[in-house]
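have a look at this fold, sequence not included:
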Ligand SMILES: CC(=O)NC[C@@H]1CCN(c2c(Cl)cnc3[nH]c(-c4cn(C)nc4C)nc23)C1
């Protein structure tokens, strides 16, 4: 693939707008193609008016600054941005595989090989972010299926850093938009939190990908919060011991007790189920096509 040419003077006329991929409170995401190079992008269009009366302008500027500096195969690229009178346009990497959330909805449960591959790639993305976070203390990564896309060759893409645009399906989950299922105990108790919340969310995501529902899923938000606080964790019979082991080591109340990222990537459930060679190979393949 050609590289999208660097240009600060983009206008929307430089792009052919394709189908709507998703919409959210502040804007829309379209599939787009740059006319000269025919480079396909995801064009996220935010409306200045909506941003203004919700004081989101600063937030958007910061997100743009942070995300345009992140360059990792498992993090959705922000190639650039431009604006006109009414809108801000973000040129984002297009992920042909769509949303992990959608895949989990249709497949109900994922095979251990696929899920372990995603967990391994998330560890790589989070590792990279933690080094970057040294600079940007406040990169809030919101690990949940809604914020994960699937790129070419099945490469996982962490996307949507704090953005509000959801996908076409309006309310994702049965509960209110934005599920509580991924909240760690320390956020419920209002204590400070650090990047160890990523480990908790990784545990919740791993559970949901294989079991088909989040670990503290229940009828009411109140009940979910109670189960998170008491860490009422049950596994269906037939859940492999390796998987139980990994998840219990991530869903620990005390953030310091959670399995560190490098140990997650080397956990037997990952090494036995993820095709690590294929993932590393896809990184190389991707590099070649850039
Ligand atoms: C993480 C996130 O921002 N999700 C909300 C936005 C919806 C579409 N956005 C996409 C973004 Cl930002 C990038 N690539 C995408 N690819 C798709 C997609 C592909 N198929 C076949 N179906 C879909 C949907 N969507 C995107 C992101």
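Noted; the coordinates are in hand. Predicted model, so just to flag it, every value in this text is computed and none were measured. Residues are numbered from 1 along each chain as shown.

and whatever residue of the stretch 1-150 of the chain ends up closest to the ligand, what helix or strand is that in?
Nearest residue of the stretch 1-150 of the chain to the ligand: residue 22, at 2.4 Å (C-beta to the nearest ligand atom). C-beta coordinates here come from the backbone N, C-alpha and C atoms, glycine included. Using DSSP states H and E, the element containing residue 22 is strand 15-23.

from the chain's centre, how far out does that strand sit?
Remark: strand 15-23 is offset 20 Å from the chain centroid, using C-alpha atoms, centre = their mean, to the nearest Å.

against which helices or strands is it packed?
The contact analysis (3 or more C-beta pairs under 8 Å, 6 or more residues apart in numbering; DSSP states H and E) places strand 15-23 against strand 27-34, strand 40-47.

JSON lines for those, including distance to the ligand, mean pLDDT and mean neighbour count?
Listed next are the helices and strands packed on strand 15-23 as JSON lines, based on distance: least, C-beta to the nearest ligand atom, whole Å; pLDDT from 0 to 100; neighbours: other C-beta atoms under 10 Å:
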{"stretch": "strand 27-34", "distance to the ligand": "4", "mean pLDDT": "95", "mean neighbour count": "20"}
{"stretch": "strand 40-47", "distance to the ligand": "3", "mean pLDDT": "95", "mean neighbour count": "22"}
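
what pairs with the strand holding residue 22, and is each one parallel or antiparallel?
Strand 15-23 sits in its sheet next to strand 27-34 (antiparallel), going by DSSP bridges.

from what I see, the residue of the stretch 1-150 of the chain closest to the ligand and residue 28 are in contact.
Yes. The pair residue 22 / residue 28 is scored as a contact, 7.2 Å apart, by C-beta atoms under 8 Å.

about what we covered before: tell me the mean pLDDT over the strand holding residue 22?
Across strand 15-23, the average pLDDT comes to 95.
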